[in-house]
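Engineer: pasting the structure only:
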């Protein structure tokens, strides 16, 4: 018989030895695996550490641990991940939610009052975590989520069902191509922004969809397209928010200025890196 404490310690040790992360990271991932399998939270893990685990649960914990040590990122192993305090379904057709993107949510919410009935566009929605979060936080606004990938849109619809979100519309579009003359009060996007030779592609990102990561020379192709075309789909005084790479803030800011956006700002992520640039478009 194995207790929860025994299995947790064994999982921590296995992850630490096989993946060579820090012990703290191994402990965190081990806890996530047990929380997922046992359907309990961190507090319950502590309270129930003498609980005897059945063979089925032990086997599932071992199976997930083996997938993790094979190199598969933990969110793909679990099929879900947390973002802005909510859990979203995730698979290898979409990018893994990251805390760096939460600043995009915070800045967009700062321009959408809880009583506003804005029309918001989430460009390249992937999991749908950005648009769904905005929809949940601003229930009177309508959020349109688009992506060119049917697989990504299926993941988005799964998350819509998971969170029972009613104030969203989901459709397939290659950026603005299927939107005709539709206009929005706020446009948000976390587009591809890596170069093809970016070293991160072979160090931690190799399991994620390449089309959602890479975008032309200097990683700026999608960003440039969005900034240049968003203004044609914005209501007067609308706002555009774009996430970008750690070294792209100046290039992105220059594009905002070149395309006549005003009140342009950069916002830093949790690591103190300029991660989001946003501006207002007043010319219609």
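Structural biologist: Nice, thanks for sending it over. What you see is a predicted model; the values in this text were computed from it and never measured.
Engineer: what's the pLDDT at the residue nearest to the spatial centre of the chain?
Structural biologist: When C-alpha atoms, centre = their mean is applied to the chain, the residue found nearest the centroid is residue 97 (3.0 Å). The model reports residue 97 with a pLDDT of 96.
Engineer: so it sits in a helix?
Structural biologist: No - applying DSSP: H, G, I helix; E, B strand; the rest coil, one finds residue 97 to be coil, outside a helix.
Engineer: Quick check: closest non-adjacent residue to it.
Structural biologist: residue 83 (3.8 Å; C-beta to C-beta, 6 or more residues apart in numbering). C-beta coordinates here come from the backbone N, C-alpha and C atoms, glycine included.
Engineer: what's the answer for residue 171, then?
Structural biologist: Residue 171 sits nearest to residue 146 (C-beta to C-beta, 6+ apart), 5.6 Å away.
Engineer: For the one you found, what are phi and psi?
Structural biologist: Backbone geometry at residue 146, expressed as degrees, to the nearest 10, gives phi -130, psi 150.
Engineer: tell me the contacts of it?
Structural biologist: 121, 122, 123, 124, 125, 170, 171, 172, 173, 175, 178, 179 (C-beta atoms under 8 Å, 6 or more residues apart in numbering).
Engineer: quick one: the residue nearest to residue 246 when sequence neighbours are not counted and residue 241, what's the gap?
Structural biologist: Excluding the flanking residues, the one nearest residue 246 by C-beta to C-beta, 6+ apart is residue 273, at 4.8 Å. Per C-beta to C-beta, to the nearest Å, residue 273 is found 16 Å from residue 241.
Engineer: Repeat that for residue 60.
Structural biologist: Using C-beta to C-beta, one obtains 40 Å as the distance from residue 60 to residue 241.
Engineer: who's more crowded, these two?
Structural biologist: Remark: of residue 60 and residue 241, residue 241 carries more neighbours, 25 against 15, as counted by other C-beta atoms under 10 Å.
Engineer: Assess the claim that residue 124 and residue 188 are in contact.
Structural biologist: No - using C-beta atoms under 8 Å, residue 124 is not in contact with residue 188, being 9.8 Å away.
Engineer: So which of the contacts of residue 146 belong to helices?
Structural biologist: Among these, none falls in helices (DSSP state H).
Engineer: Look at residue 124 and residue 188 and report which has more neighbours.
Structural biologist: residue 188 (27 against 24).
Engineer: I'd guess residue 272 is in a helix, am I close?
Structural biologist: No - using three-state DSSP, the secondary structure at residue 272 is coil, not a helix.
Engineer: Look at it and report its pLDDT.
Structural biologist: 97.
Engineer: Against residue 250, how distant is it?
Structural biologist: Look at residue 272 and residue 250: by C-beta to C-beta, they are 16 Å apart.
Engineer: what does residue 103 give?
Structural biologist: For residue 103, the distance to residue 250 equals 18 Å [C-beta to C-beta].
Engineer: and the two? which has more neighbours close in?
Structural biologist: Neighbours per residue, other C-beta under 10 Å: of residue 103 and residue 250, the larger number sits with residue 103, 19 against 11.
Engineer: how about the more buried one, what does it touch?
Structural biologist: 267, 268, 269, 270, 275, 276.
Engineer: How about residue 183?
Structural biologist: Taking C-beta under 8 Å, 6+ apart as the test, what residue 183 contacts is 119, 233, 234, 235, 238.
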